[in-house]
Each structure stands twice: as structure tokens, then as C-alpha cells.
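**Student:** Got a predicted structure here, sequence first:
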Amino acid sequence: MSLHSALERPWPEIAILALVLYIAYEHLKHRRESRLFRIVADNAADMIALVAVTGKRVYNSPAYEKVLGYSAKELRTTSSFEQIHPDDRQQVLEAAKQARLTGEGKRLEYRMRHKDGNWRVLESTANAIRNRKGQVTHLVIVNRDITERKRVEQQLEHDALHDTLTGLPNRRLFVDRLHHAIERAQRNPEFKFAVLFIDVQGLKIFNDTMGLSIVDQLLIEISNRFRTNLRRDDTVARSTEASAEPNGEEILARMDGQQFTVLVEGIKTPSDAMRVAIRLQESLSAPLSANGVDAFTSASIGIALSSPLYSGHAEMMRDADIAMCRAKASGGSGCQVFDTEMHALVVQRLKAETELRKAIDRADLRVFYQPIVELCSGHICAVEALVRWWRNDLELIGPEDFIQVAEETGLIVPIGRFVLREVCRQASDWQSLFPNYPPLTTMVNISPRQFAQSDLVHDVRSALEESGISPDTLELEITETIAMNDTKYTARIFSRLKEIGVRLSIDDFGTGHSSLNRLRSFPVDVLKIDRSFVQGMDYDADTREVVRLIVTLAHHLNLKVIAEGIETPGQRSFLEEFGCEFGQGYFYSRPVDREMIEKLLRNASPRSDRINRYAD
């Protein structure tokens, strides 16, 4: 067998070959054959060492110098044992002992210090050399440098346990940590922890309109903010008086999409977990930015506290999720701690979702209308369409009991299409039924999901074509929060809708992050003052001044103004004084069905020559 072929053999065979050659070398000392061992050992890529049972190196192949950086002299004058990582020394001693007893050592991995101070990972086997009396005199050790291989393996393991986008632990790693926390709590009842389930709101519209790349940038920024506001590891114990923070470790993970979880260990009271949740929510108070786009986000957080009742991770994560959904249903940006009542509410919600799907299929939804009047004359000039659910032909359900479920499940999109078609069809009937009455403007609310749908413009155009009504008698209401979330997208969609000829209004003005100045970039026609401002005018002078300023500035931008939620004569008087043209609310009429609207229109004095000031 040639030297070249010998060196190409697998490394365990090289080790055996080296052992055989060394034995030959010992027996044929000073003879020509001893040169063969030296040639093989000196040219092997693996590190081959001959170590006396005392630990002294007798021979080190040149590969040691290449892999560990030490010179031959340094290797001869230093202890190999001292260069082994302290945590690995015991297993090396046990392997050497086994080699001395059995003649063969088990394969093991350990770390050895490079001359530069870094650690190299070696894969090693040892074989014993005995004298004529059977006593072990030396060990032949063959080491292979597997540092790079271990780095790749560790990277693959890291990737399998971490989210590729944010670098955070993924579901698999989080579940493993949670499982260990539950086991620890079962062994030690004094150990307390909590799971936080976080849902970030405000990203859906970016995903639907600007693509995943923008959303990915925003998720990375959110992850970085969360990291900054979490302790990586509290190694210094603090008393309750010294710190209000839980004394333990917080593990942040990304579950999926816009959902994150946090495992907070070592808490003392539930308020510790709540403080962590508040910090995370506050970290999203400033707008995010990606590619010059500002995004306002918020977080709903559910908290499940450790309990002996939890036997596995699934139940605890389920309860944290339930608490998060409860916080989200309460208006978002809230925190909820799980309790048993929430489970019953979730069951009830699932039942409502199932029934709502059936209601859509059975056409059990109804459209009601609330009149919008001209404040100076009291004439009805427009109506706002509001959907109701006629459940089981027995009970009329208001939007507050099902719109949230519809929005979360996506059912709001088919509901929105139904309302849009029904409103246009009904408007056509009214124009035929009351030819002498100026055409009513019919207002339709557009939900966040509808606005994010790429086919919104198509749906509007189709409804108009099917009904035959004039586009300028249809007005679409978009809330201020939706409009200001992505101003570039909003401006683009508004422009396409205006090309069709429909009217546009900003609803719930004053409740979001916008200003009247930013509205100048949108081709809107109407501004609706939120009911919270209108209802506050009766008892708060500052609120009255805010309403007066909104009306004045809206007129400066050539926008008509509708005040929502008018309930008292005093509110109406203030609005008229401020120059607000139109209003709606219980003072005039609650939302009513089609028949009642027709009755109201019949009772109004029809004047074919009266100009509909609302549509002008």
C-alpha cells in the first residue's frame, strides 16, 4: 500500500495504521522501517500524538502546529491536559482510563485551546500501547479538527430553533423553554412564571397593499424594540424593595406573522408580568418607519400565569391566546390576564362565528339607515347604511355584537360587498319612488379589510353599474385611522375611487393620529366629527372650542362637515352656531329600516326645485 493511498483512508483506519507503525517503530528502533511511521504521521492531516501514561508528550505530529498554533518546542514543554477546556477534562480523563484498561478508547469530542486563546473542537480516539509485561506505557491519540463542522452544525441547529426573519426564538424553542419552566414549577412551587401572548395590530394593511418586504422591515423593527425593553438575564438578585421588576429571565419569541410570545420567569406577583406587558406596549408608541413609510401600530397582550393546573405547554399558550383575544376585542392596545370566564367567552365567540357564516349564506343580514339632516332646515339629505343581523328570524343583533368577529375572521369582506350592492339597489328604488325628492346621498362604511382588498374599486364600480345610480349619490366612509395608516396607499385608492365619481368622507375624525393639514393630500368631500366630541360639548367648554376649530378649518379646506351623535337641542345649537351644515344622531332618528325611511321621505314636503345642498 502506497503512502498516498494510506493517507486517503478514513481517519479511524489511519489511527490504527499509526498504532501498528508505531509498534513496529519501537521494535525496530534505529532501523530503516522506523522511517515509515515518521513519514505517515508527519504527513497526516489529523493530529497524531504519542503520550506517556504520565501525561508527557513523546511525539506530536506537525498537524498539531498547524491546528493549534503552537511550535514543536511549546508542545513538548507544556501539558496537553492543561490545554483542554476545564469543562471537558473529566471526560478526557475517563476516556484515557478506559484506553489503558481495555486497550481502546471511545470516540469523544472536546475543546482544546489554540495559542491565540480560542477553542478548537477536536474529535479524538485513543489506543493503548503495552510493554511485554502487558502494562500500558503509552497512548496513541488521533485528533481531528472538527471546529468548522461543529460551527455549521450549531448554525443549522440555531436556524431550526430561531425565526429566520427576526432571529428570535421560534415556536419550537419557545415551547421547549416553556416545558422546562412548567417542570421546574412542579418541582418547586415557589417558582412562578407567566406567558405573554402578543398580537401586533396595524400591519395587515401594509401586507395587503405594499407587499411582504415592507411588513418584514416593520416586523424586524418591532422585534428590536421588544428586545430593547426586555431583560436578557437578571443574574444579580434584587429584593422586592430594591426593584419592582421580576427577578428572572425573559424569553422573547416570534410565533407566526405578527404574533409574539414572552416567557417571564421568576416573577413574584401577577403585576410583575403586567409591567412587562406595559413596557412592550409603550415600545410601540412611536411610529415605525420602513422605506420612508410611517406606520402606527399597537399591541394586544394576553397573560397566562403559572398554575399547578397546567400539565403541559399547550393549555397555557391556549389560555394566553384567549386572554389576548379578549384584550383585542376590548379595543386593542390592552392587557388581559386569563381567567376561567374567558374560556367560556371563547366558546361563545366560536359559536357566534359559526352562526355568522350561516347568516351570510342564508342572507339573514339587513341594512338599516340613519338619516343625515341639514341642521338649518331639518330636511333629510342623506342616509348612512348600517348593517344588522336578523338572527333566527327572532332577534335583531347590532354591529357591536358581530362586526369585531367578522373583521377578525375576514367575514367582513363578503358582508361589505353585500351592503354595498344592497345600498346601491335601494338607492335606485328610492330615486324611482320619489322622483320629486332630490336624490339622497347614501353613505356606506368601508372596513379596514375591505379598504385593504385589491378589488375594492372593482366592487364599487360593479355595484354602481348593477344599480344604475349616479356615482355622486354614493359616499364611502373611511375612518381616520385607516386613512392615515398608509397615506400613500390611501391617496392612490382615493384617486381611483374619485375617478369613478363617488364621494369620500373621513369618519371618526379626531380619534386617530392625523391632522386637518394632512387631509389636504386626499380628494375627500366630507369630514365627520366623532360623536365623542359632539357629546362633550354640553358640559366642556374646551371640547366646544375644539369642535368650532374643526368646523372652521374643514371649511377652509372646502370640506363639508357632518356631526355624529347629536342627542340634545344644546348640541344642535352649538353646531349651528359654529357653522356645521349637517348632523345625525338620536335627536333626529335612530337607525331604521327601509320602510321607515320611506315614511319619513313621504312626510317631508317634496320640492323638485329644492337644491340638495349636501351634494353640491
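**Tutor:** Now that the structure is in, tell me what you want to look at. Residues are numbered from 1 along each chain as shown.
**Student:** Could you pull out the helices in the stretch 1-150 of the chain for me?
**Tutor:** Per DSSP state H, counting those that start in this stretch, the stretch 1-150 of the chain carries helices over the ranges 3-7, 11-27, 34-43, 63-68, 72-77, 89-102, 147-161.
**Student:** May I have the distance across stretch 201-220, first residue to last?
**Tutor:** Using Cα to Cα, to the nearest Å, the end-to-end distance of stretch 201-220 comes to 15 Å.
**Student:** M316 against A185, yeah?
**Tutor:** No: applying Cβ atoms under 8 Å, one finds M316 not in contact with A185, separated by 10.5 Å. All C-beta spots, glycine's among them, are computed from the backbone N, C-alpha and C.
**Student:** So between those two, which is more surrounded?
**Tutor:** M316 (26 against 18; other Cβ atoms under 10 Å).
**Student:** which ones are touching that one?
**Tutor:** By Cβ atoms under 8 Å, 6 or more residues apart in numbering, the residues touching M316 are 178, 182, 195, 304, 306, 310.
**Student:** go again using 10 Å as the cut-off
**Tutor:** Each residue near M316 by Cβ atoms under 10 Å, 6 or more residues apart in numbering is listed here: 178-179, 181-182, 193-195, 197, 263, 304-307, 309-310, 338.
**Student:** thought V136 was touching V53?
**Tutor:** Yes: V136 is within contact range of V53, at 5.9 Å (criterion: Cβ atoms under 10 Å).
**Student:** Test my guess that R349 contacts E408.
**Tutor:** Yes: between R349 and E408 there is a contact under Cβ under 10 Å: 9.1 Å.
**Student:** Which one of those two is surrounded by more residues?
**Tutor:** For the pair R349 and E408, the greater number of neighbours falls to R349 (18 against 15), based on other Cβ under 10 Å.
**Student:** For the more buried one, give me its contacts.
**Tutor:** So R349 contacts 322, 325-326, 329, 404-405, 408-409 (Cβ under 10 Å, 6+ apart).
**Student:** Which member of these is positioned nearest I214?
**Tutor:** Proximity of the contacts of R349 to I214 (Cβ to Cβ) peaks at E408, which lies at 22.5 Å.
**Student:** sec struct for that closest one, please.
**Tutor:** Following DSSP: H, G, I helix; E, B strand; the rest coil, we place E408 in the helix state.
**Student:** How about the most centrally placed residue in the chain, nearest residue that isn't a chain neighbour?
**Tutor:** Nearest to the mean C-alpha position of the chain, by Cα atoms, centre = their mean, lies Q258 at 1.9 Å. Leaving aside its sequence neighbours, Q258 sits nearest to V200 (Cβ to Cβ, 6 or more residues apart in numbering; 4.3 Å).
**Student:** name the element that neighbour belongs to?
**Tutor:** Using DSSP states H and E, V200 sits within strand 193-201.
**Student:** partners of that strand, with directions?
**Tutor:** Here strand 193-201 is paired, per DSSP bridges, with strand 259-265 (antiparallel), strand 298-305 (antiparallel).
**Student:** I'd like the distance from the first one to the chain centre, please.
**Tutor:** Spelled out, it's strand 259-265. Distance of strand 259-265 from the chain centroid (Cα atoms, centre = their mean, to the nearest Å) equals 12 Å.
**Student:** send the alpha carbons of it over as CSV?
**Tutor:** In CSV, the C-alpha atoms belonging to strand 259-265 read as follows (Å, rounded to 0.1, in the frame of the first residue of the first chain):
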residue,chain,number,x,y,z
GLN,A,259,-47.7,37.4,16.9
PHE,A,260,-45.0,37.1,19.6
THR,A,261,-44.7,35.4,22.9
VAL,A,262,-42.7,36.1,26.0
LEU,A,263,-41.8,33.8,28.9
VAL,A,264,-41.3,35.7,32.1
GLU,A,265,-39.6,33.6,34.7
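**Student:** domain parsing for this protein?
**Tutor:** Domains of the chain are assigned by automatic domain parsing as 3-151, 162-350, 363-590.
**Student:** can you tell which of those is closest to L356?
**Tutor:** Proximity to L356 (Cβ to Cβ) singles out domain 363-590 among the domains of the chain, at 5.6 Å.
**Student:** how far does that closest one stretch from start to finish?
**Tutor:** One end of domain 363-590 sits 23 Å from the other (Cα to Cα).
**Student:** Now do that domain, average pLDDT.
**Tutor:** Per-region confidence: domain 363-590 scores 88 on mean pLDDT.
**Student:** mind listing the helices for the stretch 351-500 of the chain?
**Tutor:** 403-409, 412-433, 448-452, 456-467, 480-485, 487-500.
**Student:** Also the stretch 201-350 of the chain?
**Tutor:** Using DSSP H, counting those that start in this stretch, the helices of the stretch 201-350 of the chain run over residues 204-209, 212-228, 270-282, 313-329, 340-362.
**Student:** Determine which stretch of the ones you listed is the most buried.
**Tutor:** Sort the helices of the stretch 201-350 of the chain by mean neighbour count, taking mean count of other Cβ atoms under 10 Å, and helix 313-329 sits at the top with a mean of 21.
**Student:** and that helix, how far out from the chain's middle?
**Tutor:** Distance of helix 313-329 from its chain centroid, counting by Cα atoms, centre = their mean, is 15 Å.
**Student:** I'd like the average pLDDT over it.
**Tutor:** 88.
**Student:** Likewise for stretch 101-117?
**Tutor:** Mean pLDDT, stretch 101-117: 81.
**Student:** Check stretch 54-62 too.
**Tutor:** In this model, stretch 54-62 has a mean pLDDT of 75.
**Student:** Convert the C-alpha atoms of it to PDB, please.
**Tutor:** Output in PDB follows, covering the C-alpha atoms of stretch 54-62 (Å, rounded to 0.1, in the frame of the first residue of the first chain):
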ATOM      1  CA  THR A  54       2.400  10.200  32.900                       C
ATOM      2  CA  GLY A  55       0.800  12.700  30.500                       C
ATOM      3  CA  LYS A  56       4.000  13.800  28.900                       C
ATOM      4  CA  ARG A  57       4.000  14.100  25.200                       C
ATOM      5  CA  VAL A  58       6.500  11.900  23.500                       C
ATOM      6  CA  TYR A  59       5.600  12.800  19.900                       C
ATOM      7  CA  ASN A  60       3.300  15.300  18.300                       C
ATOM      8  CA  SER A  61       2.700  15.300  14.500                       C
ATOM      9  CA  PRO A  62       3.200  18.600  12.600                       C
END
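**Student:** on that earlier part again, quick one: which of the helices of the stretch 351-500 of the chain is nearest I220?
**Tutor:** Among these, the nearest to I220 by Cβ to Cβ is helix 480-485 (18.8 Å).
**Student:** can you give me the offset of that closest one from its chain's centre?
**Tutor:** On Cα atoms, centre = their mean, the centre of helix 480-485 falls 20 Å from that of its chain.
**Student:** name the helices or strands packed onto that helix?
**Tutor:** helix 204-209, strand 293-295, helix 448-452, helix 487-500, strand 503-509, helix 516-519 (3 or more Cβ pairs under 10 Å, 6 or more residues apart in numbering; DSSP states H and E).
**Student:** rerun at 8 Å
**Tutor:** In terms of contacts (3 or more Cβ pairs under 8 Å, 6 or more residues apart in numbering; DSSP states H and E), helix 480-485 is packed against helix 204-209, helix 487-500, strand 503-509.
**Student:** Return every residue with contacts to both of V136 and V53.
**Tutor:** R100.
**Student:** How many neighbouring residues does A406 have?
**Tutor:** Per other Cβ under 10 Å, the neighbour tally for A406 reads 24.
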